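Chemist: here you go, sequence then predicted model.
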Amino acid sequence: MKIESKPKLLRLPRIGLSFKLRSIQTIITVTFTLMTIFVVVAVSFMLYNKFSKTAEENAYLNIRQIIEQVSYHLELYVKGMQDIYEVVEDQINETPDISSPVLREQLATLLRTREDLVSLGLFTPTGNLVMDVPDLDMRRNTLLETQSWFESARARPQKLSFSAPHIQNLYKGQYKWVVSLSRMVKYKENGVTKQGVLLADVNFRTIDELSRKVSLGKRGYAYVIDDLGNLVYHPQQQLIYAGLKYENLEPVFDYAYGSYTDKSTGELRYITVRTVDPIRWKIVGVAYPDEIVTTQRDLNRFVFWFLLVICAAVAVLAFFVSAKISQPLLKLEKSVQSAGQGDFSTPIHVSGAHEVVQLSKRFNFMLHRIRQLMDQIIYEQEAKRKSELDVLQSQINPHFLYNTLNSVIRLAERGKKEEIIATITSLSKFFRISLSRGKNIITVEEELEHVRHYLIIQKIRFKNKFDFSIECDEKAASCKTLKLILQPIAENAIVHGIEKMQDAGFIRITATAADDRLTMKVSDNGLGMTKQVMEQLLSGGVRSGGSGVGVKNVNERIRLYYGKTYGLSFESELEEGTTVTITLPAEQSEETLQERGIS
């Protein structure tokens, strides 16, 4: 007879609505939905704040970088004009007489090669013309002495002055917007050194083009003022000249380099100021944060719909997942009810979902038997594990024998009689010590002899790719040790340390005994290992690829026989080599091991 879970809930009048509310399906659905929604909302809120703040910071950073770039290009241009001015000044100083046609030709050539250089002129301190290039008719009543560039040159004779942009009014037929560079210079006339004001008019078009390229959003712009507060450039320049004050310049003079917000026009604006050296002009960038808020509004809409879709999907997913989880548990409950028989003397009391309470009642009478079975399984598994390790220590991987015999065949084909004898002799002694008449415990001297024959075979097989040395003090030689613990370490040194080296390798094996502790070390100059690989060797994650008695098994055998205070430790650095240290108790007789129940 098939009984479904939902009709069952409806047919239990003694439990009723309380059962339905406490059912595992309801609890999982509600809990999973609420937790997921809470996490999604929290993460979305944090990501929104992070992305919103990052977008705002990136926008402001972009504005500052744009203004910085314009400032950089303008500074380069000004320095270029300053260099040209100094070239003209040097030519005037080096010319024996200011009326020299060679000088005029040099200056005319300079003027032709620079499109942004409008004119050059030299005037006496009283305003009389000494020389000009090109040679044009000057206007009358120019009031030269009252012009700003002339006054600046006389007031600060050693400093190069830059005027504000103005219409050139010195020559007839000239109506160009220029910036004037002026300074007091020395020149020679009829053998007499005199002083005069050197004027260089530079076309304002280049500065204007640099400023117009600035784009700070749809409404943002940049303008330039000189160190006296005079407007050098502004995209709404005509409106400002008409008397409309769009800019609040007072805070600008408090910043050489910096940014601030301004509300003087009734609308929030982001102001960035950079000063151009050496003329001390200021480039002021104006951006409107409401354009940045547009990105935040788009992000708001995205987050809202994202949360809505996620919450709906989580609710549906939670319902189906909870149904899938609760149905197997209900079936498991029925199985426990039919199979459960035993003692309820040690009951467990579990509260919570209805299904969990039912399962706890059925498992109460099974606990005692489970504990007995667990103790029995632990004992049997420990015995089995010890037996398997005993078998492992006497295993010799057929691949080693196969590779050795192949090496003997190749040596025979090449007529290497002495190497064949050495290989077969070492192989026979290797097997003799490996078998050891079934003994698990041998002397350190025998273990070193075993690994020595193994290394002889491998040295012949790998065509003298490595060399080795074995050292043992007298006390350590008579100590007892588990057999077959050095060979897997030496094998690991060859396979993982030396085989892939370009140069010849070297393996050094030492055995010492001191303070009731036996220490054997296997060192190589191979490729070395990372800390992660060393951990994997002890955990069995990396196979040695040879004997089958891996590093992990060696470590487990030592700890099983002697305790967890003994075993293997690694020291290794990449490209430097590896040292494996084996620590055992220094036991001189077998009776001590027999007292521990080891034969």
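Modeler: Received, thanks. None of the values given here were measured: they were computed from a predicted structure. Numbers count the residues shown, from 1 in each chain.

Chemist: for the nearest residue to residue 275 once chain neighbours are set aside, grab phi and psi.
Modeler: Spatial nearest neighbour of residue 275, excluding adjacent residues (C-beta to C-beta, 6 or more residues apart in numbering): residue 256 at 4.6 Å. Where you see a C-beta, it was placed from the backbone N, CA and C, and this is true even at glycine. With angles defined as degrees, to the nearest 10, residue 256 shows backbone torsions of phi -90, psi -40.

Chemist: also residue 415?
Modeler: Residue 415 has phi and psi values of phi 70, psi 30 when expressed as degrees, to the nearest 10.

Chemist: try the one 3 residues further on
Modeler: For residue 418, the backbone dihedrals are phi -60, psi -40 (criterion: degrees, to the nearest 10).

Chemist: for residue 322, see how far away it is.
Modeler: The gap separating residue 418 from residue 322 is 78 Å, by C-beta to C-beta, to the nearest Å.

Chemist: those two: who's more crowded?
Modeler: residue 322 (21 against 8; other C-beta atoms under 10 Å).

Chemist: next one: the more buried one from residue 38, what distance?
Modeler: 17 Å.

Chemist: show me what contacts the residue in the chain sticking out farthest from the centre?
Modeler: For the chain, the C-alpha farthest from the mean C-alpha position belongs to residue 190; by C-alpha atoms, centre = their mean, that distance is 73.2 Å. The contact partners of residue 190, taken as C-beta atoms under 8 Å, 6 or more residues apart in numbering, are residue 97.

Chemist: can you give me the pLDDT of it?
Modeler: The confidence metric pLDDT takes the value 87 at residue 190.

Chemist: residue 421 falls within a helix, correct?
Modeler: Yes. Following the definition DSSP: H, G, I helix; E, B strand; the rest coil, residue 421 is counted among the residues of a helix.

Chemist: list the contacts for it?
Modeler: Remark: with contacts taken as C-beta under 8 Å, 6+ apart, residue 421 is in contact with nothing.

Chemist: quick check: mean pLDDT across the biggest helix by length in the chain?
Modeler: Secondary structure assigned by DSSP state H gives helix 24-94 as the longest helix of the chain. Per-residue pLDDT values over helix 24-94 give a mean of 79.

Chemist: need the next SSE after it, C-terminal direction.
Modeler: As assigned by DSSP states H and E, the chain's next helix or strand after helix 24-94 is helix 101-113.

Chemist: list the helices and strands the helix or strand that that next one is followed by packs on?
Modeler: Tracing the chain C-terminally past helix 101-113 and defining elements by DSSP H and E, one meets strand 117-123 next. Judged by 3 or more C-beta pairs under 8 Å, 6 or more residues apart in numbering; DSSP states H and E, the packing partners of strand 117-123 are helix 24-94, helix 101-113, strand 129-133, strand 177-189, strand 192-203.

Chemist: and these: which comes nearest residue 509?
Modeler: Smallest distance to residue 509 across the helices and strands packed on strand 117-123 (C-beta to C-beta): 56.9 Å, for helix 24-94.

Chemist: could you give the angle of the closest one to helix 101-113?
Modeler: Relative orientation of helix 24-94 with respect to helix 101-113: 160 degrees, computed using axes from the mean of the first three to the mean of the last three C-alpha atoms, to 10 degrees.

Chemist: quick thing: my sequence starts at 33, can you match it?
Modeler: Done: numbering now begins at 33, and the last item shifts to helix 56-126.

Chemist: ok now helix 56-126, how far from the chain's centre?
Modeler: On the basis of C-alpha atoms, centre = their mean, to the nearest Å, helix 56-126 sits 20 Å off its chain's mean C-alpha point.

Chemist: then stretch 171-189?
Modeler: Its chain's C-alpha centre and that of stretch 171-189 lie 62 Å apart, by C-alpha atoms, centre = their mean.

Chemist: cool, and stretch 593-605?
Modeler: Offset of stretch 593-605 from its chain centre (C-alpha atoms, centre = their mean): 35 Å.

Chemist: pull out the buried positions in stretch 597-614.
Modeler: Burial within stretch 597-614, assessed by neighbour count using 16 or more other C-beta atoms under 10 Å, is assigned to 598, 599, 600, 602, 604, 609, 610, 611, 612, 613, 614.

Chemist: mind putting the residues you listed into JSON lines with pLDDT?
Modeler: Formatted as JSON lines, the entries for these read as follows, by pLDDT from 0 to 100:
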{"residue": "598", "pLDDT": "93"}
{"residue": "599", "pLDDT": "92"}
{"residue": "600", "pLDDT": "92"}
{"residue": "602", "pLDDT": "91"}
{"residue": "604", "pLDDT": "90"}
{"residue": "609", "pLDDT": "90"}
{"residue": "610", "pLDDT": "93"}
{"residue": "611", "pLDDT": "94"}
{"residue": "612", "pLDDT": "94"}
{"residue": "613", "pLDDT": "95"}
{"residue": "614", "pLDDT": "95"}
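
Chemist: ok, so of the residues you listed, who is nearest residue 198?
Modeler: residue 604 (77.7 Å).

Chemist: how about the closest one, secondary structure?
Modeler: The three-state label given to residue 604 by three-state DSSP is strand.

Chemist: surely it is in contact with residue 560?
Modeler: Yes. Counting by C-beta atoms under 8 Å, a contact exists between residue 604 and residue 560, whose distance comes to 4.8 Å.

Chemist: which residues touch residue 218?
Modeler: If a contact means C-beta under 8 Å, 6+ apart, then residue 218 has 124, 125, 225, 226, 227, 228 as its contacts.

Chemist: where exactly do the helices run in the stretch 383-532 of the chain?
Modeler: When secondary structure is read from DSSP state H, counting those that start in this stretch, the stretch 383-532 of the chain shows helices at 386-396, 399-425, 430-445, 449-467, 476-493, 506-509, 518-524.

Chemist: and the third one, average pLDDT?
Modeler: Confidence over helix 430-445 (mean pLDDT, whole number) is 75.

Chemist: tell me the angle the strand or helix carrying residue 307 makes with helix 56-126.
Modeler: In the assignment (DSSP H and E), residue 307 maps to strand 301-308. For strand 301-308 against helix 56-126, the angle by the same axes, to 10 degrees is 30 degrees.

Chemist: quick one: buried residues of the helix or strand that strand 301-308 is followed by?
Modeler: For strand 301-308, the succeeding helix or strand toward the C-terminus, using DSSP H and E, is strand 313-319. Using 16+ other C-beta under 10 Å as the burial criterion, the residues of strand 313-319 that qualify are 313, 314, 315, 316, 317, 318, 319.

Chemist: packing partners for strand 313-319?
Modeler: With contacts defined as 3+ C-beta pairs under 8 Å, 6+ apart, the secondary structure elements packing on strand 313-319 are helix 56-126, strand 253-257, strand 301-308.

Chemist: just to revisit the earlier point, common neighbours of residue 604 and residue 560, please.
Modeler: residue 610.

Chemist: now stretch 149-159 - C-alpha only, PDB.
Modeler: Listed next in PDB are the C-alpha coordinates belonging to stretch 149-159 (Å, rounded to 0.1, in the frame of the first residue of the first chain):
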ATOM      1  CA  LEU A 149      55.400  83.000 -32.800                       C
ATOM      2  CA  VAL A 150      53.700  86.200 -34.100                       C
ATOM      3  CA  SER A 151      56.300  88.900 -33.700                       C
ATOM      4  CA  LEU A 152      59.500  90.000 -31.900                       C
ATOM      5  CA  GLY A 153      60.300  93.500 -30.800                       C
ATOM      6  CA  LEU A 154      63.000  95.400 -28.900                       C
ATOM      7  CA  PHE A 155      62.200  98.800 -27.200                       C
ATOM      8  CA  THR A 156      64.100 101.300 -25.200                       C
ATOM      9  CA  PRO A 157      63.000 101.800 -21.500                       C
ATOM     10  CA  THR A 158      61.200 105.000 -22.700                       C
ATOM     11  CA  GLY A 159      59.200 103.100 -25.300                       C
END
